[in-house]
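K.L.:
I'll drop the sequence and a predicted model, then ask my questions.
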Amino acid sequence: MTLTQPPVPDAAVDPQARTGRPPRTTPTRPTPLRARLTGGVFLAPSVALVVLLLVLPFAFTLYRSFFNDNGFTRSWVGIENYRSMFADPAFGQSVLNTFLWVVGTLLLPVGIGLAIAVGTWKLRLGGLARFAIVLPYAISGSATAVVWTFMLTTDGGLDTLLRQIGLDPLVSQWLLQWPLNTVMMIVATTWQATGACVILFLVGLQSIPPNTLEAAQIDGASGWRLFWAVTFPQLRPMTVVVVGISIVGSLKVFDQVLLLTNGGPGTASETLALTMYRETFTLSRYGSGAAVAVFLTIVVVVASYAYLRRQLRPTD
Amino acid sequence: MPDPFFSGPAVTRRTALAVGGGGLLAMALASCARGSDTRPSAPGTVTLNSDNPTWGPGYAAASAVLARRIGYRITSRSVASVANYGQVIRMTAQTDSTTDLIKWTNGYRLQDIARADILTDLNPVWDAAVGRGWVDPAQRESFSYRGTAYGVPLYKSYYAVFYSKKTFAENGIQVPTTFDGVMDAAQTLKDAGVTPFLSPGATTWEAEIWFMQLLASIDPDYYKAVTTNKASYTEDPAAQAIDLWSGMYADGFFSAPDVTSNDLPGLVKKGQFGMMLYGTWFANTLLANGLTDDDIGFFRVPPRGSTDPAIVVESGSLSVPVKAHRHRAAVEVAENWLATDVQTAWVGFLGDTSPNPKALPESDLVKDLAADIAATRPVELTRYWEASPTPLVEGNVADLGAFMVNPSKANGTTTLRSMEDRARTEWKTWNAA
């Protein structure tokens, strides 16, 4: 799933917290050794766990990507795994699909989530509408995929519905034609993930000081103008978080694609995570799988770092 | 504000952290310990690992006979996910954490792990079984690597056409005995408004089924040659097969490629099922779904023209890791696995054909097919899934799945070209390893 357990930073909930604090000053005296050691001791368990469970496995994956490895024997091949990865047309398709997922999940769940949160906020039956949107978020990704397989399969739920309302020309092989299958999988994900975006944007809306909105209204702003000029800028901390989570989630999308199309037909709808899985677990080419994993990690880290560095820069 | 964690004499935060951390550490250490599944089994038993958890009762039935013969029973364990199972065997078979016997596939997938010297030479077992008439010696090759057998057949299924007896009777169709007869039957069904063939495979392994069957019907020798790097996918028999397949699609003989075989029982009940080419192992699923021999029948796809009859065979391997705890007993079980009484108990559970031609299941459905095969003695071909190196097969089957979605003649030619290109690369890799 693209959006799971979203962390909500303090700054996102209370924008005052960031701007209201005095600027951090450089300490004039060096911290005593004893205090630094104490700090180190407290940090040690976390650092050890991160090194053990994250850094070491990554280093091993990186090491393994330079070998031809079938699970029994291992021989050094240098950058051959990377060379063949980039030469493989299926890999190019996989990168393209992953890019479509990133764009698609930014446009749909994030966009629709924002629209629903803003549109239903402070409405009388808004709670009911939001409940209906948020409900699918409680369903697991795999269960969602099973439901959508039933909907999107040839002559499945969607085709039957279209025939019943006389829209026969729209009947399609939803999961069998590219790029339609990728688009439909993004739609299926939207159905589930929008709820999380709505919740996060609502938290953001609640943290906007009412006096700024009232002031804008007194000045004559309303509707679209009020949203663009006053509400949206004040939602920025939360938008940064939602977009960040969405980018990372869509870069590593796996379960929906595996269950809905298995990356097919052929490798037409494969994403990078599926390519990694196919190389490693289906073909038992651990070196090639590791190379894809390293590439995916670099993409995720670079994208997240570049985005968050730009967006979370202190404004003061 | 008072700190909620220190407001009473109860558990302090530090204690909670210590207890939680200690518990996690204990669990982490416990998980590193050896599980009971990888320890030597109880006396009188050998362990078997498989990827099919539903076969437990079958092993138990066969064990009852094995216990009488050699005093050993099979204790089966399973890893339900096929992908995970492959990883588990690759890891454990190299260590003494292995089970005594493992289920694996035959053909190149068996050769792939046999090359790592982790399996026991079972040549003497084969010699004995062939001597007693317990197994067709022609199957030995698909369980061997460089002249040494590394497994015995765990089961044996054929690829044949399931058909609805009721639909056939309603439309006056006789069970076809020629290839053209199959096409005529399909046309009659089509005219009657029934989709002739249920054919899954757009994104699954099943994409291979019609390709391998058409090659088997057109030229079995070519099938053997192309799957073993002695012929090219761009040669005439493959082009004929893909053209024929494309033509059958154009004639509306096939269902949408994203159906599943599980749709079959429902279609039979609705009177909308015609035929499906599939493994005979599926018969048991149909019987379990309430269908009977009166609903469903089987026939072998006849050869096209004057070609010799051929049938595709799927088999699994029962292999003994070199590091098995009860190695001698495991080899003894492998030796007796193909015995007629053990196999009768085993296929009594599976409801399928047996590697031992004398052992037959209770269902007339499979018995009739077995009798037909015994009478006509068709050439038996290894299923495509096991007939070439794994990366080649996986890639080509994905290509065939894509062809099923867009089954034009032009795309057929492109598909064969792509399969041939992959064959060149993957055979080079296989031969270099």
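P.N.:
Sure, I can see it.
K.L.:
what about the strands in the chain?
P.N.:
In the absence of a named chain, chain A is used. Remark: strands assigned in chain A by DSSP state E are A:67-69, A:74-76.
K.L.:
chain B is the one I meant
P.N.:
Along chain B, the stretches classed as strands by DSSP E are B:45-50, B:73-78, B:101-105, B:144-145, B:148-149, B:152-164, B:275-279, B:296-299, B:310-319, B:379-382.
K.L.:
hmm, back to that, pick the most buried one from the strands of chain A.
P.N.:
Most buried of these by mean neighbour count (mean count of other Cβ atoms under 10 Å in any protein chain shown) is strand A:67-69; its value is a mean of 20. Where C-beta positions appear, they are placed from N, C-alpha and C, glycine not excepted.
K.L.:
pLDDT of that strand, averaged?
P.N.:
Across strand A:67-69, pLDDT averages out at 92.
K.L.:
of all the strands of chain A, which one comes closest to chain B?
P.N.:
Proximity to chain B (Cβ to the nearest Cβ) singles out strand A:67-69 among the strands of chain A, at 8.3 Å.
K.L.:
roughly how far is that closest one from the heart of the chain?
P.N.:
In terms of Cα atoms, centre = their mean, to the nearest Å, the centre of strand A:67-69 is found 31 Å from the chain centre.
K.L.:
adding distance to residue A:152, write the strands of chain A out as TSV.
P.N.:
Below are the strands of chain A laid out as TSV (distance: least, Cβ to Cβ, whole Å):
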stretch	distance to residue A:152
strand A:67-69	37
strand A:74-76	42
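K.L.:
and these: which comes nearest residue A:126?
P.N.:
Residue A:126 sits nearest to strand A:67-69 of all these, at 55.2 Å, using Cβ to Cβ.
K.L.:
can you list the strands that that closest one pairs with?
P.N.:
Using DSSP bridges, strand A:67-69 pairs in its sheet with strand A:74-76 (antiparallel).
K.L.:
once you drop chain neighbours, what's closest to the residue in the stretch 251-400 of chain B that chain A sits nearest to?
P.N.:
Of all residues in the stretch 251-400 of chain B, residue B:256 sits closest to chain A, at 3.5 Å by Cβ to the nearest Cβ. Nearest residue to residue B:256, sequence neighbours excluded (Cβ to Cβ, 6 or more residues apart in numbering or on different chains): residue A:154, at 3.5 Å.
K.L.:
so what touches stretch B:218-234?
P.N.:
B:212, B:215-216, B:235, B:237-238, B:240-241, B:244, B:304, B:307-308, B:310, B:379, B:381-382, B:384, B:387-388, B:416-417, B:419-420, B:423, B:427 (Cβ atoms under 8 Å, 6 or more residues apart in numbering or on different chains).
K.L.:
the closest residue in space to residue B:214 that isn't next to it in sequence - how many residues pack around it?
P.N.:
Spatial nearest neighbour of residue B:214, excluding adjacent residues (Cβ to Cβ, 6+ apart): residue B:241 at 3.9 Å. Applying other Cβ atoms under 10 Å in any protein chain shown, we find 25 residues neighbouring residue B:241.
K.L.:
residues contacting residue B:241?
P.N.:
B:211, B:214-215, B:218.
K.L.:
tell me which of these fall in helices.
P.N.:
With helices defined by DSSP state H, the entries of these inside them are B:211, B:214-215, B:218.
K.L.:
for chain A, state which of those residues is nearest.
P.N.:
residue B:211 (14.2 Å).
K.L.:
what's that closest one in contact with, if anything?
P.N.:
Counting by Cβ under 8 Å, 6+ apart, residue B:211 touches B:241-242, B:245, B:384, B:400.
K.L.:
scan those residues and report the most crowded one.
P.N.:
Among those, the one with the most neighbours (other Cβ under 10 Å) is residue B:400, at 29 neighbours.
K.L.:
what is the burial count for the residue nearest to that residue when sequence neighbours are not counted?
P.N.:
For residue B:400, ignoring the flanking residues on the chain, the nearest one in space by Cβ to Cβ, 6+ apart is residue B:207 at 4.0 Å. Using other Cβ under 10 Å, residue B:207 is surrounded by 27 other residues.
K.L.:
just checking, residue B:207 touches residue B:398?
P.N.:
Yes. Between residue B:207 and residue B:398 there is a contact under Cβ atoms under 8 Å: 7.5 Å.
K.L.:
dump the contacts of residue B:241 into a markdown table; add pLDDT and distance to residue B:328 as well.
P.N.:
Formatted as a markdown table, the contacts of residue B:241 follow (pLDDT from 0 to 100; distance: Cβ to Cβ, whole Å):
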| residue | pLDDT | distance to residue B:328 |
| --- | --- | --- |
| B:211 | 97 | 43 |
| B:214 | 97 | 46 |
| B:215 | 97 | 43 |
| B:218 | 96 | 47 |
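K.L.:
among the strands of chain B, which is nearest residue A:64?
P.N.:
strand B:101-105 (24.5 Å).
K.L.:
if I pick residue A:180, what's in contact with it?
P.N.:
A:172-174.
K.L.:
measure how buried the residue of the stretch 101-250 of chain A found nearest chain B is and give me the count.
P.N.:
Using Cβ to the nearest Cβ, the closest approach of the stretch 101-250 of chain A to chain B is made by residue A:154 at 3.5 Å. When neighbours are defined as other Cβ under 10 Å, residue A:154 has 19 of them.
K.L.:
please report how far it lies from residue A:172.
P.N.:
Per Cβ to Cβ, to the nearest Å, residue A:154 is found 9 Å from residue A:172.
K.L.:
how near is the closest residue to residue A:232 other than its chain neighbours to residue A:206?
P.N.:
In space, and not counting its chain neighbours, residue A:232 is closest to residue A:239: 7.8 Å by Cβ to Cβ, 6+ apart. Residue A:239 is 15 Å from residue A:206, where distance means Cβ to Cβ.
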